[in-house]
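[1] here you go, sequence then predicted model.
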Amino acid sequence: MVAEGVSCQRCGEAFISLQNHQKILKIAKDKDLDPYQVYFALCQNCRAQFFAEQMIGNSLKRVERVRYSAKRRQEELHPIKKDTRLGTTVYKTECFICNQGCDALVHLKDGVVVRVEGDTSSEVTKGTLCAKGLASKEILYHRERLLYPMKRLGERGEGKWQRITWDEAFDTIVDRLRSIEAGYGSESIVLATGTNRGWVRYFTRFANAYGKQWIGPGIAQCFYPRTSGQMLVLGTNAMENPDYDTTRCMIIWGCNPTNTWPVKGLGMMEAWRRGSRMIVVDPLFSEAASKADMWLQLRPGTDAALALGMLHIIINEGLYDKEFIEKWCFGFKEFKQRVQQFTPEKVEEVTWVPENKVREAARIYATTKPASITQCLSIDQNADTISTSRSIAMLAAITGNIDVPGGNLITMLTRMSPVSDETGRKWLSKEHHEKRLGRAQYPLLAGEACMMGPSAHNHTVWKTMLTGRPYPVKAVYCHGSNMLRTYANTKMVTDALRKLDFFVVADLFPTETVAMADIVLPAASWMERSAVTRNEQTSINHLHLQQKVIELGECRSDLSILNELARRLGFADRMFPSEEAYFDFLLQPSGLTFEELKRRGVVSIPHVFRKYESEGFHTPSRKVQLYDERLISHGYDPLPTYREPDESPIKSTELVKEYPLVITTGGRTPVFRHTELRNVPILREIVPELEASINPKTARALGIDDGDTVIVESPRGSMEAKARVTEGIDPRVIQVPSHWPGINNVNLLMDNEKCAPLIGSAQLRCQLCRVSKKG
Amino acid sequence: MSQKVLLIDLDSCIRCHACEIACRQEHGLTYETKSRWCRVITVGPRSIQQELHMDFIPTICFQCDDPICAYFCPVDAISKREDGMVVIDEKVCTGCKLCVYGCPYGSIFFDETKGITGKCNLCMSRIHHGIEPTCVQHCIGGALQYVSQEELKDITSGEHLLRMGLVYYVSSKWKLRNEKVNKLEDREV
């Protein structure tokens, strides 16, 4: 932009020199372009914005949609082919910029990746790829990538490094881990991992083979709670797999699929265009909510009350599937009794969703057949995550929408891949089970009764590191996790990590967590590694090929690092001799080898509906468990219930005087993935700053204008954000996206002491805070 | 041959920004070029008759019938081709930026690395090879479609349409005066 000149009439920025402006006006006058004069007073960005506002206009009314889409381009599948237009060799692989695994094509020219695009031969992604995936090349060749193993020279966090060889790195790791184990015992070493990147199950196998406890941010507060809840009820995961092809009603529960799981967003939008009804449950007016027929704006953290309220209406109005309940549900009588507590009036009081809306939503969902539910992360981060996910699963069950066309499907992947044998849980000793941190308090996470895992409880691990009780934790070995941003209560995590004797991190970038490490290992990004990908969140009946296309620096795949380490630590026999051998093992049930998959690109089996009719549900009663006796043995309610968040305007009558606003964190943008991708300029340009959503009423009362910097405080600490004043949020609530660095990190505020029972989720979606204008 | 057009279904745009990044990759528009040929603009959330609306508007060069930008170019580098495309001749462009200021829609960009201006050409090279534009391929919401005039009629039944050169916007939210193809000025405001 020019320093001197004419300013934009909207944003006030000088954007054109006086000389040029006069030229423009003169030409406009000469050529009689008067109607457009208004545009000349605006800078380029404001002009586009002004045009968009003008065009969409203000006389809007939702009318019946009649939309048809042109057919998407479909090509034949070639795992490797030539592109004549670009002169490139094209590899079919799986994009793993997030945890989805979407079909992607990588174009290679003279040993350089020149393009990453969607795979038009894919039945799953139909040629699309999201903004994150399309920017993968920027991550691959990012100038800050870690390319060599390094050891730390200065203080923790100082950022002084020395390049070392892989040999030296492995030798140091093995020596230090051995001496720490000898000095402080086996439990003094904790393994840590990040989000699923296709190798998390292998990491778990490594941990179990090594006999060490492990943690991950995505365990107690993402995926595990909602999956464990469903497994209690249905014996499997179904609530993540809506059948968008034929569904006629969708509930999008605490989820914004086009931002978080673009491939699910694709299905959702196709169903929406076909005319399927859409009910969105979200405290924020999200992209999905803007398309919805009905938006249930609930108080953060009250999902279970809403679900139970809907169940109350469905049961009392007799809208449930009587035949299915008689044949396939266990404990309906007790359950019917329980939901009587959740009258629409009470539900309105608790959730802030108007009574009539709860009724209407319940009736729409129960009477439109088939109907599906899409749920995601937000139900994993409240005061009782197991009850929440159980009640939502029950909603699908009692309306007879489990594993039917257009409902919620039970995955076929378990038939295609040996999921249960893979993690090597059998190697864990009795002593190890007894010593695992968080075992007594969170039996579904760290106990032997857990549905998945077992994994140690993260908050208990920090506390143990800090206090040395019940035993010292001295070393952490971590793959792919930026712990200083992802876990609640950043200060506590920082203090805990500082107390370690030895800390190893394998990552792509020098993150703040890497800065604390003693040894840093350069990990491979998705284009630099092979895999057999299977992800329920993408597709429940396909296995896909991920093939390595390039090698960078001395980066190594996580699988090969773990294999080498296992060899040097002396338990190579429990791991696989090579990556290929592991892939062959994964492919066994489908009767293929990895070499064969490389030629085929994909394996799929047709979906079998209503599998329960032949084999029952995989629960103790072989039915849907509305009532669960297993929970009584953990000292817990056998029926789902609602638990008020520990910090809430209803429960914390004292705290609320000082911290009057409910804060809900998380909420994803389409261009970032958790802590990642903020260092990619073309993506950062789209979401340059952290924006906290505040209602205009609240903002006015606090003297905050749109775009002001605000300070958000909680009893744990304070952080800063830019205010985004929007009507899309309740006046009593503020929404702050998570995972931003430094002073913008909302986890500085978050409590991690008060965790959900049974599984130990931090209540990241429903705490209290106060907001003020900075300065 | 009937020229295909780009149909933008505003109902279906879900602001995933895939079109933007796909465009940048296809045309080599690095961050340094400061060129965002394709942009998704958000309007709202705003309350209209007690109902919240949030709309997402993908904008690109519309290939206007009477390109305003061409009036401003002092060296006549911008021309309207017979097939409807508006093209900037890279060899003639001097980088004076008058077209950047002159485009009413903010769709022309000055490429800081090349020193000349550039804009969407509907992925000419892809079209040449019989492939639709990259934004269309990657659109997750299915809002962008590259269709012939006949298909356009089938898909939209000709209603709720706004034509901008080779780009048609369609939205079921509009209450339109004229039910057939509309111009910006014809709409009720």
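    Thanks, I have it. The model shown is predicted, which means the values in this text are computed figures rather than measured ones.
[2] next, find the distance separating the nearest residue to residue A:768 once chain neighbours are set aside from residue A:769.
    With sequence-adjacent residues excluded and distances taken as Cβ to Cβ, 6 or more residues apart in numbering or on different chains, residue A:768 is closest to residue A:659, at 3.9 Å. C-betas here are computed from N, CA, C, even on glycine. Distance of residue A:659 to residue A:769, given as Cβ to Cβ, to the nearest Å: 5 Å.
[3] the two - which one has more neighbours?
    The neighbour comparison of residue A:659 against residue A:769 (other Cβ atoms under 10 Å in any protein chain shown) goes to residue A:769, with 26 against 22.
[4] now do the shared contacts for residue A:659 and residue A:769.
    A:713-714 (Cβ atoms under 8 Å, 6 or more residues apart in numbering or on different chains).
[5] give me every residue that touches the residue nearest to residue A:319 when sequence neighbours are not counted.
    Leaving aside its sequence neighbours, residue A:319 sits nearest to residue A:366 (Cβ to Cβ, 6+ apart; 3.8 Å). With contact set as Cβ under 8 Å, 6+ apart, residue A:366 has these partners: A:313-314, A:317, A:319-320, A:399.
[6] so which of the residues you listed belong to strands?
    When DSSP state E is applied, those are split such that none fall in strands.
[7] surely residue B:61 touches residue B:119?
    Yes: with contact defined as Cβ atoms under 8 Å, residue B:61 reaches residue B:119; the gap is 4.2 Å.
[8] quick revisit: show me which of the contacts of residue A:366 is closest to residue A:90.
    Nearest to residue A:90 out of the contacts of residue A:366 is residue A:399 (Cβ to Cβ; 44.9 Å).
[9] for the closest one, which non-adjacent residue is closest in space?
    Excluding the flanking residues, the one nearest residue A:399 by Cβ to Cβ, 6+ apart is residue A:366, at 5.1 Å.
[10] ditto for residue A:671
    Of all residues not flanking residue A:671 in the chain, residue A:683 sits nearest, at 4.2 Å (Cβ to Cβ, 6+ apart).
[11] count the neighbours of residue 172 for me.
    By default, I'm working from chain A. Neighbour count of residue A:172, defined by other Cβ under 10 Å: 17.
[12] let me rephrase: I mean chain B.
    If you count neighbours by other Cβ under 10 Å, residue B:172 ends up with 18.
[13] make sure I have this right: it is in a strand.
    No: under DSSP: H, G, I helix; E, B strand; the rest coil, residue B:172 sits outside any strand and is assigned coil.
[14] looks like it contacts residue B:11 (just checking).
    Yes: distance between residue B:172 and residue B:11: 5.5 Å, which falls inside the contact criterion (Cβ under 8 Å).
[15] list the buried residues of stretch A:149-160.
    Neighbour counts using 16 or more other Cβ atoms under 10 Å in any protein chain shown place A:149-152, A:157 of stretch A:149-160 among the buried residues.
[16] if you could redo that for stretch A:410-430, that was the one I meant.
    By 16+ other Cβ under 10 Å, the buried positions in stretch A:410-430 come out as A:410-414, A:416-417, A:419, A:423-425, A:428.
[17] so how far is residue B:124 from residue B:54?
    Separation of residue B:54 from residue B:124 (Cβ to Cβ): 33 Å.
[18] which stretches of the stretch 451-600 of chain A form helices?
    Under the criterion DSSP state H, counting those that start in this stretch, the stretch 451-600 of chain A carries helices at the ranges A:458-467, A:483-486, A:490-498, A:558-569, A:579-587, A:594-600.
[19] pLDDT wise, what is residue 12 at?
    Because you didn't say which chain, this covers chain A. As predicted, residue A:12 sits at a pLDDT of 87.
[20] actually it's chain B I care about, not the one you picked
    According to the prediction, residue B:12 has pLDDT 92.
[21] and if you look at residue A:66?
    60.
[22] do residue A:422 as well
    Residue A:422 carries a pLDDT score of 82 in this model.
[23] can you give me the separation between it and chain B?
    32 Å (Cβ to the nearest Cβ, to the nearest Å).
[24] thinking again about what came up before, okay, the buried residues of stretch A:410-430 in a markdown table with distance to residue A:204 and secondary structure next?
    Converted to a markdown table, the buried residues of stretch A:410-430 look like this (distance: Cβ to Cβ, whole Å; DSSP: H, G, I helix; E, B strand; the rest coil):
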| residue | distance to residue A:204 | secondary structure |
| --- | --- | --- |
| A:410 | 23 | coil |
| A:411 | 19 | coil |
| A:412 | 22 | coil |
| A:413 | 17 | helix |
| A:414 | 17 | helix |
| A:416 | 19 | helix |
| A:417 | 15 | coil |
| A:419 | 11 | helix |
| A:423 | 4 | coil |
| A:424 | 8 | coil |
| A:425 | 8 | helix |
| A:428 | 11 | coil |
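[25] so among these, where is pLDDT lowest?
    Least confident of those in the model: residue A:419, at 60.
[26] overlap in contacts of residue B:61 and residue B:119?
    Residues touching both residue B:61 and residue B:119 (Cβ under 8 Å, 6+ apart): B:37, B:86, B:103, B:107-108.
[27] low pLDDT regions in chain A?
    Where chain A drops to pLDDT under 70, the residues are A:1-4, A:34-38, A:62-68, A:418-420.
[28] returning to what we had before: from the contacts of residue A:366, list just the buried residues.
    Buried residues within the contacts of residue A:366, counting neighbours by 16+ other Cβ under 10 Å: A:313-314, A:319-320, A:399.
[29] wait, what's in contact with the residue in chain B sticking out farthest from the centre?
    Within chain B, residue B:50 marks the point farthest from the mean C-alpha position, 31.3 Å out by Cα atoms, centre = their mean. With contacts defined as Cβ under 8 Å, 6+ apart, residue B:50 has no neighbours.
[30] ditto for residue A:24
    A:16, A:40, B:72, B:98, B:101-102.
[31] next one: residue A:549
    A:91, A:93, A:106, A:108, A:113, A:527-528.
[32] tell me the centre residue of chain B?
    So for chain B, Cα atoms, centre = their mean, it's residue B:60, sitting 2.8 Å from the centre.
[33] ugh, wrong one, I meant chain A
    Central residue of chain A (Cα atoms, centre = their mean): residue A:377, 6.0 Å from the mean position.
[34] that residue and residue A:666 touch, don't they?
    Yes: under the criterion of Cβ under 8 Å, residue A:377 makes contact with residue A:666 at 6.3 Å.
[35] so which elements touch the lengthiest helix in chain A?
    In chain A, with assignment by DSSP state H, the single longest helix is helix A:166-184. Secondary-structure packing of helix A:166-184 (3 or more Cβ pairs under 8 Å, 6 or more residues apart in numbering or on different chains; DSSP states H and E): strand A:150-152, strand A:189-193, strand A:475-479, strand A:502-507, strand A:519-522, helix A:558-569.
[36] between these, which one is nearest to chain B?
    strand A:502-507 (23.1 Å; Cβ to the nearest Cβ).
[37] excluding chain neighbours, what is closest to residue A:159?
    Nearest in space to residue A:159, with sequence neighbours left out and distances taken as Cβ to Cβ, 6+ apart, is residue A:515 at 5.6 Å.
[38] what does residue A:494 give?
    Once flanking residues are discounted, residue A:494 sits nearest to residue A:484: 6.0 Å by Cβ to Cβ, 6+ apart.
[39] ok, the one you found to residue A:714 distance?
    As judged by Cβ to Cβ, residue A:484 and residue A:714 stand 18 Å apart.
[40] and which of the buried ones among the contacts of residue A:366 is nearest chain B?
    Here the nearest of the buried ones among the contacts of residue A:366 to chain B, counting by Cβ to the nearest Cβ, is residue A:313; it sits at 24.3 Å.
[41] need the contact list for that closest one.
    Applying Cβ under 8 Å, 6+ apart, we find residue A:313 in contact with A:319, A:344, A:358-359, A:362-363, A:366.
[42] now which of the residues you listed would you call buried?
    Among the contacts of residue A:313, the ones that count as buried by 16+ other Cβ under 10 Å are A:319, A:344, A:358-359, A:362, A:366.
[43] in contact with the residue of the stretch 501-650 of chain A at minimum distance from chain B, which residues?
    Of all residues in the stretch 501-650 of chain A, residue A:538 sits closest to chain B, at 13.5 Å by Cβ to the nearest Cβ. Contact analysis of residue A:538 by Cβ under 8 Å, 6+ apart lists A:100-102, A:124, A:261, A:263.
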